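*Asks:* next comes the sequence, and after it the predicted model I'd like to discuss.
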Number of protein chains: 2
Amino acid sequence: MSILCVGSVALDSVETPFGKADRVLGGSAVYFSAAATVFNPVQLVGVVGDDYPVDELRFLEERGADLSGIEHASGKSFFWAGRYHYDLNTRDTLDTQLGVFAEFEPKIPDSFRDARFVFLGNIDPALQHDVLNQVTAPEVVACDTMNFWIEGAREPLLELLGRVRILMVNDEEVRQLAGQANLLKAARWVQDQGPEIVVVKKGEHGAILFTDDWMFHVPGFPLEEVFDPTGAGDSFAGGFMGHLARSGEVTPATLRQAMVFGSALGSFACERFSVERLQELHTDDVAARVEEFRRLTAFETHLAVEQYV
Amino acid sequence: MSILCVGSVALDSVETPFGKADRVLGGSAVYFSAAATVFNPVQLVGVVGDDYPVDELRFLEERGADLSGIEHASGKSFFWAGRYHYDLNTRDTLDTQLGVFAEFEPKIPDSFRDARFVFLGNIDPALQHDVLNQVTAPEVVACDTMNFWIEGAREPLLELLGRVRILMVNDEEVRQLAGQANLLKAARWVQDQGPEIVVVKKGEHGAILFTDDWMFHVPGFPLEEVFDPTGAGDSFAGGFMGHLARSGEVTPATLRQAMVFGSALGSFACERFSVERLQELHTDDVAARVEEFRRLTAFETHLAVEQYV
């Protein structure tokens, strides 16, 4: 069953120590969909302006995405420009032009309203509420947010948490949201607001998933060349939700796998500019990387534990 | 077989958001030994002044440590005072008094010279050379270092790397040493200088081990209360080397386990001031935490991979 994904459809200009990309595909919904469609169809809702190279999104359709929820508005598309520092862990935003995104009001097509899996990309919490008001039977709702909304739209955001099953944010954001430096306590605080599951993304350090009674950690994949980290978090979310939707159920086993697929897709996103690497990704590339994650993390405990008890 | 450990034997005064500890046991050799002796005997070489509460080290002897290599010099013991910020990831050094440590010249007792496993704590690389000059058949030499030596004693440090099998440093240090922001490339650079194995400690984010043809990542254990992170890195090293020495061999399997034991011991060290938690640690506590690490990291790949290929 398709995943309904609502978020930004943007153009990015990016500078890294390795080169420059000018006005390439970007935005949370685009990265999410490029990753998720490796596993499962996506129904994309967003807005673009007159200047958007819509044809370049066709690869998503070939992988089963339904783009009929992309609104075409008169004006400029959301544009972001940024420059990464030499260690690629920090970046400066050089320009942000909201364009038609400033007036975005998500309209969920009738055929999308029965979505069971919903991903609310990082947009105004009021709009995230609007999306949920338009779907009829959401079972697995995941949402992202950022410091801007945590500071400026705290009330609607907290209300939203009561309607969400999975919160997926980075470590800085969860600490800020919870007012709590300790990650485990911050996750517990979020769970008290509603979400059963908290996924904390830690960039190159990987991600950690908290439930009531267990946790799961996946490392970031050590890449020899982090070419462009833009969109890695949304690609993580796409891999995560794509796997869950494909498997059709949320169990400890599928959640653990979803974390690994998320980290795998996040790592692929970093290998080229924009969605270039995700675009050409085959399932056997993903399978090979998942196997690398297994080798990166697996150890034999029986021997180790019994030896000293 | 015992591990020979050379490093600082210090007194620490520590302030954290949870309280204060005044002139308590500290120093790299003390933390290392408190962790390693959970698994394996240690031969400790260091220096203390007239003011050191030597009796408080007796618990190490009860666990099989040989303290006859601790030199008693006239003067004050190495003293460090620090204060942690509220998130416990950063700290200010309030005071450092080298005392008798300033004139420390490691003298390896005859009975220690045939050590197969050697841990060179973070001291002047010239002294680390001196230690290696006094041992007859070291097989597994691991060393730590810090920014002070990377900047101020680069030549002897690089020479030392040619005599060392395992370099164990934090992420900032390995980047500085290699002049390379990418962790994987930094590890490759270190390997070109000699060490077969590079272990990069990343604090709360865990640690990663690099060999020529495989890598292994262990997360930091998510603690609800990080009480005092002082000595976590040396406790990691103690758990790591303790397990290797006990198993008697360096194989992919024992190295992976060593990483998990290292992270486990590092996490225990953070639960109380000084070596308080390590001191009362039983092997079943360690076994239970190793099992928690397994649950934190294990996932089923077969299902996940075959599903999409």
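*Replies:* Yep, that arrived.
*Asks:* what residues sit buried inside the helix or strand where A:L265 lies?
*Replies:* Under the criterion of DSSP states H and E, A:L265 resides in helix A:252-269. In terms of neighbour count (16 or more other CB atoms under 10 Å in any protein chain shown), helix A:252-269 has its buried residues at A:254-269. Every residue, glycine included, has its C-beta placed from N, CA and C.
*Asks:* near chain B, which of those show up?
*Replies:* Filtering those for proximity to chain B by CB under 8 Å from any CB of the partner chain leaves A:R256, A:Q257, A:M259, A:V260, A:F261.
*Asks:* so what's the residue count around the spatially closest residue to the first one that is not a sequence neighbour?
*Replies:* Which is A:R256. In space, A:R256 comes closest to B:F299 once its chain neighbours are excluded; the distance is 4.0 Å by CB to CB, 6 or more residues apart in numbering or on different chains. A count of neighbours around B:F299, defined by other CB atoms under 10 Å in any protein chain shown, yields 23.
*Asks:* wouldn't B:F299 be in contact with A:A258 here?
*Replies:* No - using CB atoms under 8 Å, B:F299 is not in contact with A:A258, being 9.4 Å away.
*Asks:* all strands for the stretch 101-250 of chain A, in order.
*Replies:* A:117-120, A:140-143, A:166-170, A:197-201, A:207-210, A:215-218 (DSSP state E, counting those that start in this stretch).
*Asks:* name the helices or strands packed onto the first one?
*Replies:* The contact analysis (3 or more CB pairs under 8 Å, 6 or more residues apart in numbering or on different chains; DSSP states H and E) places strand A:117-120 against strand A:3-6, helix A:125-134, strand A:140-143, helix A:232-247.
*Asks:* let's see it at 10 Å
*Replies:* strand A:3-6, helix A:28-36, strand A:42-48, helix A:125-134, strand A:140-143, strand A:166-170, helix A:232-247 (3 or more CB pairs under 10 Å, 6 or more residues apart in numbering or on different chains; DSSP states H and E).
*Asks:* nearest to B:Q43, out of these?
*Replies:* strand A:166-170 (45.1 Å; CB to CB).
*Asks:* that closest one pairs with which strands?
*Replies:* Here strand A:166-170 is paired, per DSSP bridges, with strand A:140-143 (parallel), strand A:197-201 (parallel).
*Asks:* wait, A:E139 touches A:R116, no?
*Replies:* Yes - with contact defined as CB atoms under 10 Å, A:E139 counts as touching A:R116 (4.5 Å).
*Asks:* distance of the closest residue to A:D144 other than its chain neighbours from A:I150?
*Replies:* Distance criterion CB to CB, 6+ apart; nearest residue to A:D144, sequence neighbours excluded, is A:N122 at 4.4 Å. Using CB to CB, to the nearest Å, A:N122 is found at 11 Å from A:I150.
*Asks:* give me the common contacts of these two.
*Replies:* By CB atoms under 10 Å, 6 or more residues apart in numbering or on different chains, A:N122 and A:I150 have these common neighbours: A:V169, A:E173.
*Asks:* so the two - more neighbours on which side?
*Replies:* Ranked by neighbour count (other CB under 10 Å), A:N122 and A:I150 place A:N122 first, with 23 against 19.
*Asks:* what's near enough to touch the more buried one?
*Replies:* Applying CB under 10 Å, 6+ apart to A:N122 gives the contacts A:7-8, A:27-29, A:128, A:143-146, A:148-149, A:168-169, A:173, A:233-234, A:237.
*Asks:* is A:F59 in a helix, a strand, or coil?
*Replies:* Classification of A:F59 using DSSP: H, G, I helix; E, B strand; the rest coil returns helix.
*Asks:* residues touching A:F293, list them.
*Replies:* A:206, A:218-219, A:221, A:259-261, A:263-264, A:267, B:217, B:297, B:299, B:301, B:304.
*Asks:* go on, A:P229?
*Replies:* Counting by CB under 10 Å, 6+ apart, A:P229 has contacts A:14, A:16, A:84, A:88-89, A:91, A:203-204, A:223, A:235, A:266-267, A:269-270.
*Asks:* who wins for most neighbours among those residues?
*Replies:* Taking other CB under 10 Å as the neighbour criterion, A:S235 ranks highest of the contacts of A:P229 with 32 neighbours.
*Asks:* give the contact list for A:G99.
*Replies:* Counting by CB under 10 Å, 6+ apart, A:G99 touches A:10-11, A:47-52, A:73, A:75-79.
*Asks:* would a markdown table of the strands of the stretch 101-250 of chain A with mean pLDDT and mean neighbour count be doable?
*Replies:* Shown next, in a markdown table, are those (pLDDT from 0 to 100; neighbours: other CB atoms under 10 Å in any protein chain shown):
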| stretch | mean pLDDT | mean neighbour count |
| --- | --- | --- |
| strand A:117-120 | 98 | 28 |
| strand A:140-143 | 98 | 24 |
| strand A:166-170 | 97 | 25 |
| strand A:197-201 | 98 | 25 |
| strand A:207-210 | 98 | 24 |
| strand A:215-218 | 98 | 25 |
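*Asks:* grab the nearest non-local neighbour of A:M146.
*Replies:* Spatial nearest neighbour of A:M146, chain neighbours left out: A:N122 (5.1 Å); criterion: CB to CB, 6+ apart.
*Asks:* distance of the one you found relative to A:A153?
*Replies:* Distance, A:N122 to A:A153, using CB to CB: 12 Å.
*Asks:* likewise for A:G162?
*Replies:* For A:G162, the distance to A:A153 equals 15 Å [CB to CB].
*Asks:* please apply the same query to A:L244.
*Replies:* Distance from A:L244 to A:A153, by CB to CB: 27 Å.
*Asks:* closest to A:K185 among the contacts of A:G99?
*Replies:* Using CB to CB, A:A10 comes nearest to A:K185 of these, at 34.3 Å.
*Asks:* residue contacts, the closest one?
*Replies:* A:23-31, A:46, A:48, A:52, A:77-80, A:96-99, A:101, A:231.
*Asks:* beta-bridge partners for it, please?
*Replies:* A:G26, A:F78.
*Asks:* can you redo the strands of the stretch 101-250 of chain A as TSV with distance to B:D284?
*Replies:* Listed next are the strands of the stretch 101-250 of chain A as TSV, based on distance: least, CB to CB, whole Å:
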stretch	distance to B:D284
strand A:117-120	42
strand A:140-143	39
strand A:166-170	35
strand A:197-201	30
strand A:207-210	26
strand A:215-218	21
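*Asks:* where does the stretch 201-309 of chain A have low pLDDT?
*Replies:* Per-residue confidence for the stretch 201-309 of chain A (pLDDT under 70) gives these ranges: A:302-309.
*Asks:* how does it look with 50?
*Replies:* A:305-309 (pLDDT under 50).
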